[in-house]
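Engineer: Provided below are the primary sequence and the corresponding predicted coordinates.
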Amino acid sequence: MLDRLQFIKQRFDEVSDLVINPEIIADQKRYVALNKEYKDLKALVDKREEYIKVLGNMEEAQEIIADGSDAEMVDMAKLQMDEAKERLPQLEEEIKFMLIPKDPEDAKNVMVEIRAGTGGDEASIFAGDLYRMYTRYCENKGWRTSVVDVSEGTSGGYKEVIFEVTGEDVYGTLKFEAGVHRVQRVPQTETQGRIHTSAATVMVLPEAEEFDVQIDMNDVRIDLFCSSGPGGQSVNTTKSAVRMTHIPTGLVAQCQDEKSQHKNKDKALQVLRSRLYEMELAKKQEEDAAKRNSQVSSGDRSAKIRTYNYPQGRVTDHRIGLTIYDLDGVMNGSVQKLIDELQLVNNTEKLKESEVF
């Protein structure tokens, strides 16, 4: 393990020099990539220092115990040895997971799209519940959310809501939330007290940078229309809302959240770029998942991934067979336990296939 960590230390020293090189700083794409690599390597180099320190403590303790001339020092050395023996396997496990090759997409910001599925008005209400769940989760993480487009349901909630999330490692955290979410509960409109099953689809698109996807604006049709919904006097009087259609693929993106047509154009283009990027990424993810037979693939957007059962107060993730009896907490943004378990399963699968050691 030390040999592998020494190689990482050498690469860290190289990257440390590169990120302050004026030529690299001038090349924005390369600078961003190297800066991300620097942060990842720094975490590993810090672990390497701790690992070397623990090994050093064991060696020092062994020498004192072998000498045996000072009883008090021997007792202290034995305590030091016990602590080091306990910490060493934990450290090795942490380092193994950190050495798993990282998905370059994981650091990206995302566009989250939530759409009401089967279940009529109740599906729209559930889509609204999911939106609140994710925005509260993002708030707890210190991430910023910004609505891009909204289509409201007739009885509350949303037929569709698209919002942007910016922060650290957003895609790597949220990517396994993509798929069909199902709710089982008695709708507010149900007079007989019968439990209904409704669904909503969540898509998580890594936000594409300009250098990730080149769009020829000659291939894009732009339509302007009046915004709908809340927004004051400018609503239905100014053509500030923007719809963009990418003619070669038929993909459509629109934004009406901003009062400025220019800002809406920028946001719609951002969504379009992310959707084009996600199309290519989805193909790759499906291929990777097929190779690995992964339980937690983020490639299949039609898969039923989770059930929220209100009568039993439970949330079940079907991919890993995990059930949590804290529905209220989850719906109020406490999604981390589910995400941690999904990431653990995914990393364990990657560890088996990468044969790092």
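Structural biologist: Good, I have the coordinates.
Engineer: how about the helix or strand of the chain with the lowest mean pLDDT: buried residues?
Structural biologist: None of the helices or strands of the chain scores lower by mean pLDDT, DSSP states H and E than helix 261-292, at a mean of 78. Judged by neighbour count (16 or more other C-beta atoms under 10 Å), helix 261-292 contains these buried residues: 261, 264-265, 267-278, 281-282, 285, 289. Glycine gets a C-beta too; all of them are placed from N, C-alpha and C.
Engineer: hang on, His181 in a helix?
Structural biologist: No: looking at His181 with DSSP: H, G, I helix; E, B strand; the rest coil, it is strand, so not inside a helix.
Engineer: quick one: it and Ala200 touch, right?
Structural biologist: Yes: the criterion here is C-beta atoms under 8 Å, and His181 meets it with Ala200 at 5.3 Å.
Engineer: more neighbours: which of the two?
Structural biologist: Set His181 next to Ala200 and count neighbours by other C-beta atoms under 10 Å: Ala200 wins out with 28 against 24.
Engineer: surely that one forms part of a strand?
Structural biologist: Yes: applying three-state DSSP, one finds Ala200 inside a strand.
Engineer: any stretches of this protein with poor pLDDT?
Structural biologist: Judged by pLDDT under 70, the chain has its weakly predicted residues at 189, 191, 210-212, 228-238, 258, 284-302, 354-357.
Engineer: where do the helices sit along the stretch 101-250 of the chain?
Structural biologist: Using DSSP state H, counting those that start in this stretch, the helices of the stretch 101-250 of the chain run over 120-141, 170-174.
Engineer: so which of those comes closest to Ile324?
Structural biologist: Closest to Ile324 of the helices of the stretch 101-250 of the chain, according to C-beta to C-beta: helix 120-141, at 13.2 Å.
Engineer: in that closest one, what's buried?
Structural biologist: Buried-residue list, helix 120-141, by 16+ other C-beta under 10 Å: 121-131, 133-138, 141.
Engineer: so what's Pro37 up against?
Structural biologist: Careful, residue 37 is Glu; it's not Pro. Val15 (C-beta atoms under 8 Å, 6 or more residues apart in numbering).
Engineer: for the one 5 residues further on, same thing?
Structural biologist: The neighbourhood of Lys42, defined by C-beta under 8 Å, 6+ apart, consists of Phe12.
Engineer: distance of Trp164 from Val315?
Structural biologist: Let me fix one detail, which is that residue 164 is Glu and not Trp. 25 Å (C-beta to C-beta, to the nearest Å).
Engineer: overlap of the contact sets of His181 and Ala200?
Structural biologist: In contact with both His181 and Ala200: Phe126, Leu130, using C-beta under 8 Å, 6+ apart.
Engineer: next, the residue of the chain most remote from its centre: phi, psi?
Structural biologist: Among residues of the chain, the one most distant from the C-alpha centroid is Ser69; the distance is 56.1 Å, by C-alpha atoms, centre = their mean. Dihedral pair for Ser69: phi -80, psi -20, per degrees, to the nearest 10.
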